[in-house]
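[1] Here is my input, please return the structure:
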Amino acid sequence: MVTQEQRKRQLAREKFLRQQQRRTEARRKARMRNSVIASVLGVILIGSVAIYTTGVLKDGKKANASSETTPSAAPSSKAPDPCAKPAEGSVKKLSWKKEPAMTIATSAKYTMKLATTCGDIDIALKTSAAPHTVNSFDFLASKGFFDHTKCHRLTTNGIYVLQCGDPTGSGSGGPGYTIPDENLKDKSLKGGVYPAGTVAMANTGQKHTGGSQFFLVYQDSQLPPSYTPFGTISASGLKILKKIAAAGESTGQGDGAPNATVVINKATVTKS
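    Model (predicted):
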């Protein structure tokens with residue numbers, strides 16, 4: 001017999017998967033919309049006709065937001081923001097057509113440091129088990145891809161993750177290329193649970209669609225083994241994540257933007 005708690009977790013997992021799958025559709029619609037807007041602007045320039053496009057842009061933003069979070073009333077009160085102001089600087093607009101060439105030593109140990117507004121989160125990377133993923137993060141970090149980016153999603157109900165790595169902050173951004181799934185039979189994934197301290201790749205719900213977005217698990221979370229686990233968070237980093245989670249998220253429903261100002265000031269991958 002399925003208990004109420006098991007059913008609750010199942011619904012949370014299904015919601016998580018649906019939102020991941022909607023990303024693919026949102027990206028496709030965004031490309032189509034951009035093509036239409038480009039055509040319209042071309043006609044405007046040729047005919048020297050002014051047109052007001054603010055409404056169109058607003059609709060586009062609403063569509064992107066609806067693909068990632070469930071609209072709901074804002075909570076009546078928020079916990080104090082436990083994080084500092086972001087460092088000065090802006091997100092770089094970078095994109096590549098294909099996965100970077102393998103440059104890491106797959107037998108070596110690598111670590112990643114996320115210097116965030118809430119504190120430093122240190123991660124031991126699983127290089128030999130997920131070489132494509134670690135190589136991609138080494139490449140992106142070296143280019144400053146993650147610097148000044150917001151962690152855009154916090155889930156506090158059913159599954160317990162902080163999601164980061166999107167330069168647009170919308171949940172639909174990426175580096176322009178995808179990487180293959182790896183390490184899906186990691187020994188840490190027991191009973192369909194991603195244990196607290198796991199760092200894993202987000203994807204669209206389809207195979208081999210990881211990009212730059214990743215999630216940090218701050219409490220054991222039951223998920224299907226479809227998300228590449230590629231790192232383990234330090235004990236001090238886990239404390240920071242729990243501090244972020246304690247501040248809650250924007251919808252009050254357990255899945256939305258974190259109330260805490262979580263910004264990655266700088267990401268660094270180091271060979272040890």
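
[2] Check which helices and strands whatever helix or strand residue 133 lives in is in contact with.
    Assigned by DSSP states H and E, residue 133 falls within helix 131-142. Helix 131-142 sits against strand 110-116, strand 229-233, strand 263-271, with contacts defined as 3 or more Cβ pairs under 8 Å, 6 or more residues apart in numbering; DSSP states H and E. Placement of C-beta: from N, CA and C, glycine included.

[3] and after the shortest one, which helix or strand comes next?
    Beyond strand 229-233 on the C-terminal side, the first helix or strand identified by DSSP H and E is helix 235-246.

[4] What residues sit buried inside that following helix?
    237, 238, 240, 241, 244, 245 (16 or more other Cβ atoms under 10 Å).

[5] and the fourth one, what does it touch?
    Right, residue 241. If a contact means Cβ atoms under 8 Å, 6 or more residues apart in numbering, then residue 241 has 121, 162, 216, 218, 233 as its contacts.

[6] from those, which is closest to residue 264?
    Distance to residue 264, by Cβ to Cβ, is smallest for residue 121 among the contacts of residue 241, at 8.8 Å.

[7] Would you agree the closest one falls within a strand?
    Yes - under DSSP: H, G, I helix; E, B strand; the rest coil, residue 121 falls within a strand.

[8] Quickly list what it is bridged to.
    Note on residue 121: beta-bridge partners residue 114, judged by DSSP bridges.

[9] Please apply the same query to residue 215.
    For residue 215, the beta-bridge partners are residue 163, residue 200 (DSSP bridges).

[10] Next, count neighbours for it.
    Taking other Cβ atoms under 10 Å as the criterion, the count of residues near residue 215 is 26.

[11] ok, so of the buried residues of helix 235-246, who is nearest residue 268?
    Nearest member of the buried residues of helix 235-246 to residue 268, counting by Cβ to Cβ, is residue 237, at 13.8 Å.

[12] all helices of the stretch 51-200 of the chain, in order?
    54-66, 131-142 (DSSP state H, counting those that start in this stretch).

[13] which parts of stretch 258-270 are buried?
    258, 259, 260, 261, 262, 263, 264, 265, 266, 267, 269.

[14] Among those residues, which one sits closest to residue 137?
    Residue 137 lies nearest to residue 269 out of the buried residues of stretch 258-270, by Cβ to Cβ, at 5.8 Å.

[15] Pretty sure that closest one sits against residue 137.
    Yes - at 5.8 Å, residue 269 counts as touching residue 137 under the criterion of Cβ atoms under 8 Å.

[16] can you list residues touching both of these two?
    Residues touching both residue 269 and residue 137 by Cβ under 8 Å, 6+ apart: 112, 125.

[17] so residue 160 makes contact with residue 219?
    Yes - here residue 160 reaches residue 219: they are 3.6 Å apart, a contact under Cβ under 8 Å.

[18] which neighbours do these two share?
    Common neighbours of residue 160 and residue 219 are listed as 196, 245 (criterion: Cβ under 8 Å, 6+ apart).

[19] Name the residue in those two with the higher neighbour count.
    The residue with more neighbours, out of residue 160 and residue 219, is residue 160; 22 against 16, by other Cβ under 10 Å.

[20] thinking again about what came up before, what is the nearest of the buried residues of stretch 258-270 to residue 104?
    The closest of the buried residues of stretch 258-270, once distances to residue 104 are taken by Cβ to Cβ, is residue 269, at 8.6 Å.

[21] Tell me who's in contact with the closest one.
    110, 111, 112, 125, 134, 137, 138, 141, 142.

[22] Can you add neighbour count and give those residues back as JSON lines?
    Converted to JSON lines, the contacts of residue 269 look like this (neighbours: other Cβ atoms under 10 Å):
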{"residue": "110", "neighbour count": "21"}
{"residue": "111", "neighbour count": "16"}
{"residue": "112", "neighbour count": "23"}
{"residue": "125", "neighbour count": "26"}
{"residue": "134", "neighbour count": "24"}
{"residue": "137", "neighbour count": "28"}
{"residue": "138", "neighbour count": "21"}
{"residue": "141", "neighbour count": "20"}
{"residue": "142", "neighbour count": "13"}
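
[23] Return the closest of the residues you listed with respect to residue 249.
    Nearest member of these to residue 249, counting by Cβ to Cβ, is residue 112, at 24.2 Å.
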